[in-house]
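> below are the sequence and a predicted model; questions follow.
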Amino acid sequence: MPETKQTICVIGTGYVGLPAALLLARAGHTVIGVDINENIVRAINDGVLHIKEDELQKIMDEPQVRANLRAQTTPAAADVFLIAVPTPVDHRKKVAEMKYVRDATESIVPYLKAGNVVILESTVPPLTCKEFMTPILEKSGLKVGKDLYLAHCPERILPGDVFYEIVHNDRIIGAADQKSRDLASAVYATFVKGNLYQTDDVTAELCKLMENTYRDVNIALANEFAAVAEGLGIDPFQAIELSNKHPRVKILRPGIGVGGHCIPLDPWFIKEVDPANSRLIFTSRLINDEMPHKVAAKIRKAVRDIDNPKLVLIGAAYKANTEDPRESPAIEIVKILREDGYEIDHFDPLVEGYRWKSTLAEACKGADMLAVLIQHNAVMDELNATRAEIEKGMRTPRVLVFG
Ligand SMILES: NC(=O)c1ccc[n+]([C@@H]2O[C@H](COP(=O)([O-])OP(=O)(O)OC[C@H]3O[C@@H](n4cnc5c(N)ncnc54)[C@H](O)[C@@H]3O)[C@@H](O)[C@H]2O)c1
């Protein structure tokens, strides 16, 4: 078993890497946060959290954490290297864009020494550890599973509740050999209170993708049910609520599409490795990606009798009550309608760069349509409290609420 306190190099200090770096520093390890983004490095060294997680800022402020954590733009020698860099989808080919994982893995090769542990937290297509990372790591002259230990430990945190989840969620620790599993488990055991389940590397890689794909497929089913119900002229939400009274049925909520950094991307990584067995997964992705177009069509229809309608669309986050706009279907809807030539004011009180100046009523003055795409509590509260004032100020008082 390794020393309890180790030097840990966290490569990529974004939404996933930084919380891990903070918790590892709090557990007493010496942590070097490495990021190619100099602003992030500077923020960490200044004790400023660049992601919006209030509980994590408190941890950042703890003297022990400040003392144990430093950041820089290049890796350094360490006992453990934890890689948490982005794995976006190549939007044209719908395959994982692996350049960040490749660059990050190559960047640690000069620093590797016998006994080191490399942990990949990024979400990746199955076989990445075996076929993609191992050959790069072995350029060091060290053999994976013999001199060097490699594990995949996918992250499951929910943005907005990262502090609780990173500590309490169960984790999967996947590696091709037992020693890598044990060494990686020992690192997580220093700050995770959930269970640590050991398995092989490919199972760990696929589990992470299955978790998000499960949600994507079920959301697609809900969206399909909603379309059928609307076609029949009935209320989809009531139909779903009543169906969910069945003891073994739990239909998810239909919506305007699927956003965020994980669910709309990860199913593609399964299709990438086994397209023949991914027909349902592929179809679900298409159904969910089509939703912004269907919502845009509903908005067009609602204003088709008005010349040059002025629209106010609310929502840029990918889901309610978060400030995260990544892969947001709401932004996609605005883009589609702007490309059609509609005049649109686009707001989201939670998202940087989209906030309205004073009130929702003020933002809607002179508009022909208010469409709420994302039901943040703050938006719905203000809409409900000031609806009469909002409608009075509009040129045409039409309000649509989606999701
Ligand atoms: N955000 C989530 O909620 C979440 C949840 C589970 C899994 N994941 C997965 O975790 C991985 C990381 O996601 P994230 O949300 O933290 O991304 P992010 O963009 O917030 O952070 C990644 C960081 O890596 C840095 N980086 C890129 N290349 C680098 C390199 N070669 N060396 C050093 N730093 C480098 C970037 O500058 C960035 O700051 C992805 O694979 C993602 O799919 C994310």
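Noted; the coordinates are in hand. Numbering: from 1, shown residues only.

> what sits against the residue in the stretch 151-300 of the chain positioned nearest to the ligand?
When you check the stretch 151-300 of the chain against the ligand by C-beta to the nearest ligand atom, the closest residue turns out to be Glu155, at 3.9 Å. C-beta here means a position set from N, CA and C on the backbone, and glycine is covered the same way. For Glu155, the contacting residues are Val16, Ala20, Ala84, Glu121, Thr123, Ile166, by C-beta atoms under 8 Å, 6 or more residues apart in numbering.

> how about 7 Å then?
Shown in contact with Glu155 (C-beta atoms under 7 Å, 6 or more residues apart in numbering): Val16, Glu121.

> that's a helix at it, yeah?
No: secondary structure assignment places Glu155 outside any helix; it is coil (DSSP: H, G, I helix; E, B strand; the rest coil).

> which secondary structure element contains Ala204?
Secondary structure assigned from DSSP states H and E places Ala204 in helix 201-231.

> pLDDT on that helix, on average?
Regarding helix 201-231, the rounded mean pLDDT is 98.

> what's the following helix or strand after that helix?
With elements assigned by DSSP H and E, the helix or strand that comes after helix 201-231 is helix 236-243.

> any idea how far Pro236 is from the residue of the chain found nearest the ligand?
Closest approach between the chain and the ligand, counting by C-beta to the nearest ligand atom: Gly14, at 1.8 Å. Taking C-beta to C-beta, to the nearest Å as the measure, Gly14 and Pro236 are separated by 36 Å.

> before we move on, what about Glu272?
With C-beta to C-beta as the criterion, Glu272 and Pro236 are 32 Å apart.

> what's the answer for Asn169, then?
Between Asn169 and Pro236 the distance is 32 Å, computed by C-beta to C-beta.

> of the two, who's got more company?
Here Asn169 and Pro236 are compared on neighbour count by other C-beta atoms under 10 Å; more neighbours surround Pro236, at 20 against 15.

> SS state for Cys9?
Once three-state DSSP is applied, Cys9 turns out strand.

> need the contact list for the residue lying closest to it once chain neighbours are set aside.
What sits nearest to Cys9 in space, not counting adjacent residues and going by C-beta to C-beta, 6 or more residues apart in numbering, is Ala78, at 3.9 Å. With C-beta under 7 Å, 6+ apart as the criterion, the residues that contact Ala78 are Thr7, Ile8, Cys9, Ile32.

> for those residues, give me a markdown table that also has pLDDT and distance to Glu211.
Formatted as a markdown table, the entries for these read as follows, by pLDDT from 0 to 100; distance: C-beta to C-beta, whole Å:
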| residue | pLDDT | distance to Glu211 |
| --- | --- | --- |
| Thr7 | 98 | 31 |
| Ile8 | 98 | 26 |
| Cys9 | 98 | 27 |
| Ile32 | 98 | 30 |
